[in-house]
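> 3D, please:
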Amino acid sequence: MPIFRIFHIVYVATAFALGSALRRLHFLPSKPPSSERFRVSLESLGTTFIKFGQALSIRRDILPDDYVVALQKLQDHVSPFPTSVAIEEIERGLGRPVPELFVDLEKTPLAAASVAQVHGARLRDGRSVIVKVRRPGLKRQINQDMRSLFWLARVATVIMPRLRHYQPLRIVSEIWTNLLKEIDFCREARSIRSFVTAFADWPTLKIPDVVDDLVSETVIVQERSSGLRIDDASLRSDGPRLAGNFVDAYLHQIFVLGVFHADPHPGNLFVTKDGRLCLHDFGIVGFLDRGMRHKLAAFATAFVRQDADWLLQAAIDLGILGGELDRSEFRRGLVEIIGDYAALPLKDWSLAEAFLRVTRLGQAQNVFVPLDLLVLMRAMFLAEHTVRILDPDFQLLETLQSKAPGILEAAMKRTDWATTISRTRLDAADTAHDLPSLLSTWVQQLAREGSGLVLSLHVRELKGLHEHLDKSSNRLVLALMAAGLFVSGALLMEAAGPRIFGEVPVFAAFAFALALWFTLRLLRAISRSGRL
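Numbers count the residues shown, from 1 in each chain. Presented below is the predicted three-dimensional model:
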């Protein structure tokens, strides 16, 4: 790692820390505040640290609000790089000369940021497009800087052991990984295509598609769209309709698709001439699996219904409350949060803020909230801000109440039985295929050792060892017999012969019933012993 770069980072960090200490001792003026000086310090370190600060701004669970606000103001606009360099990057990324790709490539960039700049162009078939080109050497610079930061974080935890509670190495590693994902335009193109497919039939939303075969890690060509920014004064009369359409689109993304645009600020949203909302820049996308969507729907519904007990359980299930929990203490905190919102007008309710407050209740026990939830929380704050811009009087709570049953149903939707049965049959067939080789291995081992299989045991207590081993071996036999019967039953599902209710073969039903009986006996024995 470049030693001079490390010295530069250490110098900026030391200057910030020393300045903060002198301000606390009143040797220096208190203005500007530490949060603003932290932002300026990151900006002075360049692109990597600007992106690092923006990524760090989602950590509302451990950062004070003033730092979050300051980091969200990090300026991502920088001077454009020369068009000749952009042309070289386009040709290197797409593997063809620019004249073969475009009839015209605009020399002046439409926009320039720390990651990429955008040029307007026209394809040879006449379509108007935008060409997004990554800054040369950006990936190498990010890797060098993040490697230096990772090393410095390791040193800091040695000097100040209490920092380990906040897991700085894990945070740096996580941000590093996600920065590399954000600058990979192949990944962004896949996200765009999935959104285009998901919203193809939506009359209220437009996603400009990627141009086939014109995508690489460093270059992406996309259909060009235009319109008014959502904060344009001329859109105020149409604000309520647009706000409703926006909320519908995000509820669908979060609870149905499980994939959501994680950066819905006004700069990434505009309204087309035909009145549709248009989303841009899919560099940051969040993901929620089916289980997480179910838990999140339960949390949202519990919040809407102001049920403290349900909200507590949902928060634990989500992982935003962890560690050794005093349920009564956390329940009192949740009752207070619910009470605060009950005193507010409906238009001022904020699910994002409530989510954050619940997260901070467990800050001392559970510092590391799952990343997907942090990305979601950031998206929720931005989305609610966007809704307020479109319609300051939008009744978010009323909308959630009316849509809560549908949200919960969509989030809890399970895989159909046909798929489940097919998967079970395939797993059973794989097990049956492997069973002969496993039996052969056991028989060979018995033949070699003569006296039976050798088990290596680590015994903590010798008292009652014989009885304990006898019970354990019985349970093991029961478990093996139950597993074998389940496998046999699954295989017999395809067998000919008499069937129960015209669906399940008699022999398969018998195998499943016997397996279930063995399983219940095993569970009963474990329950009586009080341990597995």
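
> now the helices: where do they sit in the stretch 151-300 of the chain?
Secondary structure of the stretch 151-300 of the chain by DSSP state H, counting those that start in this stretch: the helices cover 168-182, 185-198, 239-251, 290-304.

> can you tell me which of these is nearest to Arg122?
When the helices of the stretch 151-300 of the chain are compared by CB to CB, helix 185-198 sits nearest Arg122, at 20.0 Å. C-beta coordinates here come from the backbone N, C-alpha and C atoms, glycine included.

> residues making contact with that closest one?
Helix 185-198 is contacted from outside by 132, 134, 181, 207-210, 215-220, 222, 252-253, 257, 259, 261, 279, 282-283, 285, using CB atoms under 8 Å, 6 or more residues apart in numbering.

> quick check: mean pLDDT across that helix?
The predicted model gives helix 185-198 an average pLDDT of 92.

> can you give me the domain assignment for this protein?
Following automatic domain parsing, the chain resolves into domains at 3-74+139-181, 226-414, 417-448+465-529.

> among these, which is the most enclosed?
Mean neighbours per residue, mean count of other CB atoms under 10 Å, is largest over the domains of the chain for domain 226-414, with a mean of 18.

> contact partners for the residue lying closest to Arg276 once chain neighbours are set aside?
Spatial nearest neighbour of Arg276, chain neighbours left out: Lys206 (4.6 Å); criterion: CB to CB, 6 or more residues apart in numbering. Residues in contact with Lys206, defined by CB under 8 Å, 6+ apart, are Ser225, Thr272, Arg276, Leu277, Cys278, Leu279.

> looking at the residue nearest the centre of the chain now. What's its pLDDT?
By CA atoms, centre = their mean, the chain has its centre lying nearest to Asp372, at 2.4 Å. For Asp372, the pLDDT comes out at 83.

> name the SS class of it, please.
Under DSSP: H, G, I helix; E, B strand; the rest coil, Asp372 falls in the helix class.

> how far away is it from Gly258?
With distances taken as CB to CB, to the nearest Å, Asp372 is found 10 Å from Gly258.

> which residues do these two both contact?
Phe287, Leu288, Met292.

> these two touch, right, Thr399 and Phe246?
No - look at Thr399 against Phe246 with CB atoms under 8 Å: they stay out of range, at 10.8 Å.

> how close does Asp309 sit to Ile316?
11 Å.

> sorry, slip of the keys, the one I care about is Leu71.
Leu71 is 29 Å from Ile316, by CB to CB.

> tell me what the helix or strand hosting Val358 is packed against?
Element membership for Val358 (DSSP states H and E) is helix 351-361. When contacts are defined as 3 or more CB pairs under 8 Å, 6 or more residues apart in numbering; DSSP states H and E, helix 351-361 sits against helix 290-304, helix 327-342, helix 371-390.

> so which residues make contact with that helix?
Outside helix 351-361, the residues that touch it by CB under 8 Å, 6+ apart are 60-61, 299-300, 303, 311, 315, 320-321, 330, 333-334, 337, 341, 369, 377, 380-381, 383-384, 396, 400.

> average pLDDT across that helix?
In this model, helix 351-361 has a mean pLDDT of 82.

> just the angle between that helix and helix 290-304, please?
100 degrees (axes from the mean of the first three to the mean of the last three CA atoms, to 10 degrees).

> cool, thanks, signing off.
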